[in-house]
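# structure here, sequence nowhere to be found:
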Ligand code: C2E
Ligand code: MG
Ligand code: MG
């Protein structure tokens, strides 16, 4: 008995120490272990009390404690097992059933004092003769044992399965619990079924408790961790090399072997020198480096790769160097992908040059970094590029753009930045001192026949000298492109230089273009009439000339806006409006019975591309019931510069409809007498402003005389316009000219005034 008591007491003390240890520990399973050990104390202490008990009441109480303690202990063992073996338990139905069974069993055992169904007690004596209160098992005791065995069996099963399934490396820790646990169970069975007094198997449980405490709270699996670490090092996708305290390479994992082309352990030695080269240091310098991280390209046995390389020196606990390691992380793919993505985002797909946003960014960066240097921003333009696409197909257009890109690349020095701005526009930024017009002209000429030998390509270049380097790059290249507008139709001049006048012009154009519609609808655009008279001043008709009463600019003369409207295509709108105004006037006069006056309107060459001129005029004259002979049409000879057939067809149509065609501004520019043959006109307007060369008056007069005579012979009526003096009227009359228009007789005046003077 004494031995028994002493053993159990010692075990109890050890368990209490372990409980204290578990309470303090922060390890994940410490809480499970704490409760398990606490519950384990109950049956142990109960057994001690039973052994010592003098009275039956105390013994009864101790037996109850023993049964309940066993239930709690065995349940906590299950709880510990699932946590230790990492089995999903919380929230499972299995947990609910187990708790229900355990709680029910505890409850039913507690009813023993009332029902007397678990056990009775009887006095007995040990072999040694000592008094001992013995348990007489009743029917429920068997069920309680069944519950206990079931809980014990679950624990044993969990550990057995885990032991079988786990690696040899970790199996030990499961076996260390399983073996004592199974032995204890067998030991206990021995006591129960032989009904032996003094349950020594309690010691077994205590041992199991201590084992549990050791593995869950004290034990650190260093060997396992080391093994894991070395497995990681050898299997990670990075290359890893170790150096010892004498700077000798002692280990290279398989990836490092591949990088350094190592085939045997003997070759490890050579890695050090190669590594120093990669680090770009010598032994002395590397001794001063504790850790370093850098990216470098290295040509290893499996080709050139980009590595992120880490180097770290290692120290023991007391700060003594024990060696170093280096890690090679392969960043090739990542970098390739990033480079590719960057390339795609910054380059033009077709030509491979920088795209506009990136080019502008680079330009701004360059100008910022180099503010004292003079730069030129240049923009190219291919005349009629859209036409090339339409006529030869998109692939030819694309090919042309690639050729232009190549020419730019081949002719640019390292100082030049270039990129594709949009469509057929390429941008170049050149330091002014590297700019040579001849080089550029030569490059442009290279492309002259790039589309086909019978299609002469016209490439123009606009140049803007960067004066304000803080301006947005896109603005600079817009200005360069703007300069081209001046020479767009010029076959000879290929390079245009931006000036502030161009900017003013552009602003003016924008102003005009944006306010035309509104001005027309508010009646601010109106017809002025300039009388056409005979030599005595008798009015036969008038020319309708547009005037624009502008809100901000005052009265605008046609010179200031006609060309703008011609450029942006809105001239058709204006002309149609003027023709309609003329028709309305003629209609009004005819209603008043005045049928002897005609009106001449101007037709812009652009109208023929923007309108079906004959159809529009036909509709207007029909609508206002105007006699077509009364609406004369003025066209300038420049109209014959291109698409001659289309125009001749339109003139023929107009004449067939009954309109009278007048050739305006004859003598103004490149007039040739040939024109009179080609153009089917009824009237020639001889512009005296161009024909009055006072220095060569005699010659001049002869030419005018000849033209008037020739026209007469061709049956073409001549009107002299821009007549400013009586002298002019006299000499022109002598030559045979019958009709005059000019300030000498009348200036262009508003309709109301004209009507006051000449109508009715
Ligand atoms: P144009 O058709 O040759 O018109 C005659 C121009 O000569 C008028 O200029 C007129 O004011 C001016 N002029 C008349 N007599 C004299 C003179 O004795 N001496 C001088 N130096 N000039 C004289 P305006 O009205 O400024 O028109 C200029 C040009 O604008 C016109 O030349 C015409 O080509 C164009 N234009 C005028 N109205 C229209 C229009 O409604 N549509 C189109 N497309 N063009 C128009
Ligand atoms: Mg005219
Ligand atoms: Mg004229």
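Nice, thanks for sending it over. Note that this is a predicted model, so its numbers are computed, not measured. Ligands and ions are numbered 1, 2, ... in the order given.

# in the stretch 201-350 of the chain, which ranges drop under the pLDDT threshold?
Low-confidence regions of the stretch 201-350 of the chain, defined by pLDDT under 70, are absent; no residue qualifies.

# can you map out the strands along it?
Assigned by DSSP state E, counting those that start in this stretch, the stretch 201-350 of the chain shows strands spanning 239-244, 249-252, 291-300, 303-315, 321-330.

# will you turn these into TSV that also has mean neighbour count?
In this view, the C-beta of every residue, glycine as well, is placed from N, C-alpha and C. As requested, the strands of the stretch 201-350 of the chain are arranged in TSV below (neighbours: other Cβ atoms under 10 Å):
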stretch	mean neighbour count
strand 239-244	20
strand 249-252	20
strand 291-300	13
strand 303-315	16
strand 321-330	18
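
# can I get these in JSON lines with distance to residue 378?
Listed next are the strands of the stretch 201-350 of the chain as JSON lines, based on distance: least, Cβ to Cβ, whole Å:
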{"stretch": "strand 239-244", "distance to residue 378": "50"}
{"stretch": "strand 249-252", "distance to residue 378": "56"}
{"stretch": "strand 291-300", "distance to residue 378": "37"}
{"stretch": "strand 303-315", "distance to residue 378": "37"}
{"stretch": "strand 321-330", "distance to residue 378": "44"}
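
# could you say which helix or strand holds residue 664?
In this assignment (DSSP states H and E), residue 664 forms part of strand 660-666.

# same check on residue 593?
Following DSSP H and E, there is no helix or strand that holds residue 593.

# around ligand 1, which positions in this structure sit nearby?
Applying the criterion Cβ under 6 Å from any ligand atom, the portion of the chain that neighbours ligand 1 consists of 530, 545-546, 557-559, 562, 575, 578, 602, 604, 634, 664-665, 689, 722-724, 742-743, 748.

# buried members of these into ChimeraX, please.
Typed into ChimeraX, the line below selects the buried ones among the residues of the chain next to ligand 1, using 16 or more other Cβ atoms under 10 Å:
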select :530,545,546,558,562,575,578,602,604,634,664,665,722,723,742,748
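
# in strands, which of the residues of the chain next to ligand 1 fall?
Where those overlap with strands, as defined by DSSP state E, the overlap consists of 530, 545-546, 602, 634, 664-665.

# so can I have JSON lines of those residues showing pLDDT and distance to residue 645?
Converted to JSON lines, those look like this (pLDDT from 0 to 100; distance: Cβ to Cβ, whole Å):
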{"residue": "530", "pLDDT": "98", "distance to residue 645": "33"}
{"residue": "545", "pLDDT": "98", "distance to residue 645": "30"}
{"residue": "546", "pLDDT": "98", "distance to residue 645": "30"}
{"residue": "602", "pLDDT": "98", "distance to residue 645": "23"}
{"residue": "634", "pLDDT": "97", "distance to residue 645": "21"}
{"residue": "664", "pLDDT": "92", "distance to residue 645": "21"}
{"residue": "665", "pLDDT": "88", "distance to residue 645": "23"}
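
# tell me which of those is nearest to residue 235?
Minimum separation from residue 235 among these (Cβ to Cβ) is found for residue 546, which lies at 87.4 Å.

# on that earlier part again, among the strands of the stretch 201-350 of the chain, which comes closest to residue 451?
Evaluated over the strands of the stretch 201-350 of the chain, closeness to residue 451 peaks at strand 303-315, with 42.1 Å, by Cβ to Cβ.

# residue boundaries of the helices in the stretch 1-150 of the chain?
Using DSSP state H, counting those that start in this stretch, the helices of the stretch 1-150 of the chain run over residues 2-24, 30-52, 56-84, 93-110, 112-115, 139-165.

# CSV for the ones you listed, including distance to residue 267, mean pLDDT and mean neighbour count?
Putting those into CSV (distance: least, Cβ to Cβ, whole Å; pLDDT from 0 to 100; neighbours: other Cβ atoms under 10 Å) gives the following:
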stretch, distance to residue 267, mean pLDDT, mean neighbour count
helix 2-24, 51, 91, 15
helix 30-52, 49, 91, 21
helix 56-84, 46, 92, 21
helix 93-110, 57, 94, 15
helix 112-115, 79, 92, 12
helix 139-165, 41, 93, 17
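
# now these in JSON lines, with distance to ligand 3?
Listed next are these as JSON lines, based on distance: least, Cβ to the ion, whole Å:
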{"stretch": "helix 2-24", "distance to ligand 3": "111"}
{"stretch": "helix 30-52", "distance to ligand 3": "107"}
{"stretch": "helix 56-84", "distance to ligand 3": "106"}
{"stretch": "helix 93-110", "distance to ligand 3": "105"}
{"stretch": "helix 112-115", "distance to ligand 3": "132"}
{"stretch": "helix 139-165", "distance to ligand 3": "107"}
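
# how about these, which one is nearest residue 374?
With respect to residue 374, and counting by Cβ to Cβ, the nearest of the helices of the stretch 1-150 of the chain is helix 30-52 at 77.5 Å.

# against which helices or strands is the closest one packed?
helix 2-24, helix 56-84, helix 201-213 (3 or more Cβ pairs under 8 Å, 6 or more residues apart in numbering; DSSP states H and E).

# now the longest one against helix 30-52, angle please.
Orientation note: helix 56-84 sits at an angle of 160 degrees relative to helix 30-52 (axes from the mean of the first three to the mean of the last three Cα atoms, to 10 degrees).

# wait, residue 415 sits on residue 434?
Yes - under the criterion of Cβ atoms under 8 Å, residue 415 lies in contact with residue 434, with a separation of 5.1 Å.

# look up the closest residue to residue 397, ignoring the ones flanking it.
Nearest non-adjacent residue to residue 397, counting by Cβ to Cβ, 6 or more residues apart in numbering: residue 389, 4.0 Å away.

# tell me, how many residues neighbour the one you found?
For residue 389, the neighbour count with other Cβ atoms under 10 Å is 17.

# that one sits in which helix or strand?
Assigning secondary structure by DSSP H and E places residue 389 in helix 385-392.

# which strands and helices sit next to that helix?
helix 394-411.
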